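Trainee: Quick one: sequence and predicted model below, then my questions.
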Amino acid sequence: MDGRGFTAGLKAGTSIAIGYFPIALTFGLLAKTTGLSIVEATAMSIFVFAGAAQYISLSLIAAGVAPAVIVLNTFIVNIRHFLMTAALNEKMQPDARWKKALYAFGITDESFSVLATQKGGRLRTTFAAGVILVSYGSWVAFTAVGHLIGANLPQFLQASMSIALYAMFVGLLVPSMRGNRKVVSLALIAALTNSLFYFTGWLSTGWAIMVSTLVSAILIELISPKEVKS
Amino acid sequence: MGAWFWWMIIGMAAVTYIPRAVPLTFLEGRELPIPVQHVLRNIPYAVLGALIFPAIFFVQENLWFGVIGAIAAFGIAFTGANVMIVVLGSIAILAVYSLFF
């Protein structure tokens, strides 16, 4: 097992915190224009902690959609995390169930990507705690700040920062791609499949990501039953 | 917003938490079949592919923004820079681009 603990986790999570900054800020701002109070907006970030679902809920609230439908939509958007946490379970140190139940709350696309692409063997629970704490802190704090001042960030900077999370995904993927054709194929097949869903509109985003991921991960096993070095 | 808003938040929190918590706690201490383990080990790289494409191109209405951002991110990442440099570098390149164009 890797010896790195809480502090190393905080450090690894900092790129997520930077990536969340503009998105949480914008969420806070949009929540304000949708009519949520600062307490309501921040509470949603505190209890839900799911970027895409929170954004969608705002547009549904604005459209006057029934709350039960918004909850159902949230479930559909987040169902892909079933797949991610099942995969993550293979990577994490076995630990008491209550600890895993606790940090499970903080598994997002971003924290999953950071944790799952760490080099070396199994990861310590304290490392996950560090990654999650710094990203969650950023998400909650900047939601509140966004509700207060969001519009004051210069437009060109807000626009430039919209690349942050994707740049982080790229920064996590590329080092694993080097000299590993299996990783390249995995990413490529998932990217192409997801693009197909995107441009045809056959599946909504949450399902499209989940189905593309599964198609790619299973297809590669059928073609080349060799393992990815981790 | 009325009381319904708080009920909605509780509902959203529950349906977000369940897919995150069930596999991590339910699978604890269980050995999955080998082929399933292999597929699960592939998932991080497949997820990254799906999360990046095609969304990276559509971060702004101006398609060039996404294209330049993507080139910047991949370019910096291929030099072997760490994730933080890739993130900050891509933001900086887009900031310069949007100031001049």
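Mentor: Sure thing, it's come through. Numbers count the residues shown, from 1 in each chain, chains lettered A, B, ... in the order given.

Trainee: what sits against A:Gly137?
Mentor: A:Gly137 makes contact with A:Ala17, according to CB atoms under 8 Å, 6 or more residues apart in numbering or on different chains. Where you see a C-beta, it was placed from the backbone N, CA and C, and this is true even at glycine.

Trainee: ok, it to A:Lys32 distance?
Mentor: Distance, A:Gly137 to A:Lys32, by CB to CB, to the nearest Å: 21 Å.

Trainee: Next: B:Gly11.
Mentor: Per CB to CB, B:Gly11 is found 22 Å from A:Lys32.

Trainee: Then B:Glu61?
Mentor: For B:Glu61 relative to A:Lys32 (CB to CB), the value is 22 Å.

Trainee: Please parse chain B into its domains.
Mentor: By the record's domain assignment, chain B is partitioned as B:1-29, B:31-100 (automatic domain parsing).

Trainee: Would you mind finding the most buried of those domains?
Mentor: domain B:31-100 (a mean of 19; mean count of other CB atoms under 10 Å in any protein chain shown).

Trainee: Quick one: end-to-end distance for that one.
Mentor: In domain B:31-100, first residue to last residue: 56 Å (CA to CA, to the nearest Å).

Trainee: before we move on, back to that, could I get the domains of chain B in CSV, plus columns for distance to chain A and mean pLDDT?
Mentor: Listed next are those as CSV, based on distance: least, CB to the nearest CB, whole Å; pLDDT from 0 to 100:
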stretch, distance to chain A, mean pLDDT
domain B:1-29, 4, 95
domain B:31-100, 3, 94
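
Trainee: Take the ones you listed and write them to JSON lines, including distance to A:Thr26.
Mentor: JSON lines is the format used below for these (distance: least, CB to CB, whole Å):
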{"stretch": "domain B:1-29", "distance to A:Thr26": "19"}
{"stretch": "domain B:31-100", "distance to A:Thr26": "12"}
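
Trainee: looking at those, which is closest to A:Pro22?
Mentor: Nearest of these to A:Pro22, taken as CB to CB: domain B:31-100 at 8.9 Å.

Trainee: Quick one: closest of the domains of chain B to A:Ala159.
Mentor: domain B:31-100 (5.5 Å).

Trainee: residue contacts, A:Ala68?
Mentor: Applying CB under 8 Å, 6+ apart, the residues contacting A:Ala68 are B:Gly11.

Trainee: ok, 10 Å please
Mentor: B:4, B:7-8, B:11 (CB atoms under 10 Å, 6 or more residues apart in numbering or on different chains).

Trainee: what's the answer for A:Leu60, then?
Mentor: Taking CB under 10 Å, 6+ apart as the test, what A:Leu60 contacts is A:34, A:66-67, A:69-70, A:73-74, B:8.

Trainee: just checking, what packs against the helix or strand where B:Leu48 lies?
Mentor: B:Leu48 belongs to helix B:34-52 when elements are defined using DSSP states H and E. Helix B:34-52 is packed against helix A:80-91, helix A:109-116, helix A:164-177, helix A:181-200, helix A:205-223, helix B:63-78, with contacts defined by 3 or more CB pairs under 10 Å, 6 or more residues apart in numbering or on different chains; DSSP states H and E.
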